[in-house]
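Colleague: Dropping a prediction and its sequence here:
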Amino acid sequence: MRAIYMLVALACYTAFFLAFVYLVGFLAGIPLLPTHVDKGMAAAPAMAMVWNVGLIALFGIQHSVMARKGFKAGLTRLVPEPLERSIYCLASAVVLGLLYRFWHPIPTVIWDIANPLGRNLIWALFLAGFGIVFISTWLINHFELFGLAQAWNSGPGSNPAAPTMRTPLFYKLVRHPIYTGFLIAFWAAPTMTAGHLLFAAGMTVYIFIGIHHEERDLIGTFGADYAAYRQKVGKVIPGMGKG
């Protein structure tokens, strides 16, 4: 069965990876893409806002609800436990695909940095944000985070180690560097339109709601160790949001 599980996990991983790469282009506004944050379905600003808030909410609900222990327990009654995380990644990719497909741009310009050096610095910050996200996944366990390790460890004789709390590199500065990277990438825009601003603001709200639920799970897993870590390290900004 491990070979079948690995094929499914790799397919789900590939779908999520492609959705993640598209997100970079979506926010950067790459003209060759069929849709991006400033290119998509047309609607009056009020209707566009309704559509976009709904799409962001759909992503937030899927991403948070499917990550909770109760949902996972129910899901594993329908799919093999080694594929639970892979199915989560696949669902995230599907919801992101819906967001890309049905996003309604709102082209009103909020700010526009005309200075070439300033624009290049903002673009560098944008790429650094996504770099922080990608590196942070490897600092913990990239393959477990995206479901590949679970599929691999489903084979006979496998004995996965119990979860241990580690705080390498970025995790010594903030508790959630993946979210820090996303926040940087969402807001680092040399030209910020109303649609982009709505995306950044909506995803920021989701991130802080998600952190609240995620930290409850982490305390349940690591207990006093994580509680002490919260007292010492900021949430997404170094030194801020302790406790």
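Modeller: Alright, I've got the coordinates. Numbers count the residues shown, from 1 in each chain.
Colleague: Would you tell me what the next helix or strand after the helix or strand of the chain with the lowest mean pLDDT is?
Modeller: Taking mean pLDDT, DSSP states H and E as the measure, the helix or strand of the chain with the lowest value is helix 69-75, at a mean of 92. The element immediately downstream of helix 69-75 (helix or strand, assigned by DSSP states H and E) is helix 84-102.
Colleague: By residue count, what's the longest helix in this protein?
Modeller: Of all segments of type helix in the chain, defined using DSSP state H, the longest is helix 194-222.
Colleague: Now do the buried residues in it.
Modeller: In terms of neighbour count (16 or more other C-beta atoms under 10 Å), helix 194-222 has its buried residues at 194-200, 202-204, 206-207, 210-211, 214-215, 218. Where C-beta positions appear, they are placed from N, C-alpha and C, glycine not excepted.
Colleague: Give me the angle between that helix and helix 84-102.
Modeller: Using axes from the mean of the first three to the mean of the last three C-alpha atoms, to 10 degrees, one finds that helix 194-222 and helix 84-102 are set 170 degrees apart in direction.
Colleague: What's the mean pLDDT across helix 194-222?
Modeller: Average pLDDT, helix 194-222: 95.
Colleague: now stretch 144-155
Modeller: Stretch 144-155 shows a mean pLDDT of 92.
Colleague: rewinding a little: show me what the longest helix of the chain is packed against.
Modeller: Contact here means 3 or more C-beta pairs under 8 Å, 6 or more residues apart in numbering; DSSP states H and E; on that basis helix 194-222 packs against helix 45-65, strand 109-112, helix 177-187, helix 224-232.
Colleague: Looking at the ones you listed, which one is packed in the most?
Modeller: Of all these, helix 177-187 has the most neighbours on average by mean count of other C-beta atoms under 10 Å, namely a mean of 22.
Colleague: which regions of this protein lie under the pLDDT threshold?
Modeller: By pLDDT under 70, the low-scoring segments of the chain are 156-158, 160.
Colleague: tell me which residues in the least confident helix or strand of the chain are buried?
Modeller: The neighbour-count criterion (16+ other C-beta under 10 Å) identifies Leu75 as the buried residues of helix 69-75.
Colleague: export that helix as CSV, just CAs?
Modeller: The C-alpha trace of helix 69-75 is given here as CSV (Å, rounded to 0.1, in the frame of the first residue of the first chain):
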residue,chain,number,x,y,z
LYS,A,69,-8.1,17.6,15.3
GLY,A,70,-11.8,16.9,15.3
PHE,A,71,-12.0,17.3,11.5
LYS,A,72,-9.0,15.2,11.0
ALA,A,73,-10.5,12.4,13.1
GLY,A,74,-13.6,12.5,11.0
LEU,A,75,-11.7,12.6,7.7
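Colleague: Just list what it packs against, helices and strands only.
Modeller: Other elements packing on helix 69-75 under the criterion 3+ C-beta pairs under 8 Å, 6+ apart are helix 84-102.
Colleague: Identify the residues contacting the helix it packs on?
Modeller: Residues from elsewhere that reach helix 84-102, judged by C-beta atoms under 8 Å, 6 or more residues apart in numbering: 8-9, 11-13, 15-16, 18-19, 22-23, 26, 35, 40-41, 51, 55-56, 58-59, 62-63, 66-67, 72, 75-76, 79, 144-148, 150-151.
Colleague: picking that back up, how distant is the least confident helix or strand of the chain from the center of its chain?
Modeller: Distance of helix 69-75 from the chain centroid (C-alpha atoms, centre = their mean, to the nearest Å) equals 20 Å.
Colleague: Stretch 232-243 now?
Modeller: 19 Å.
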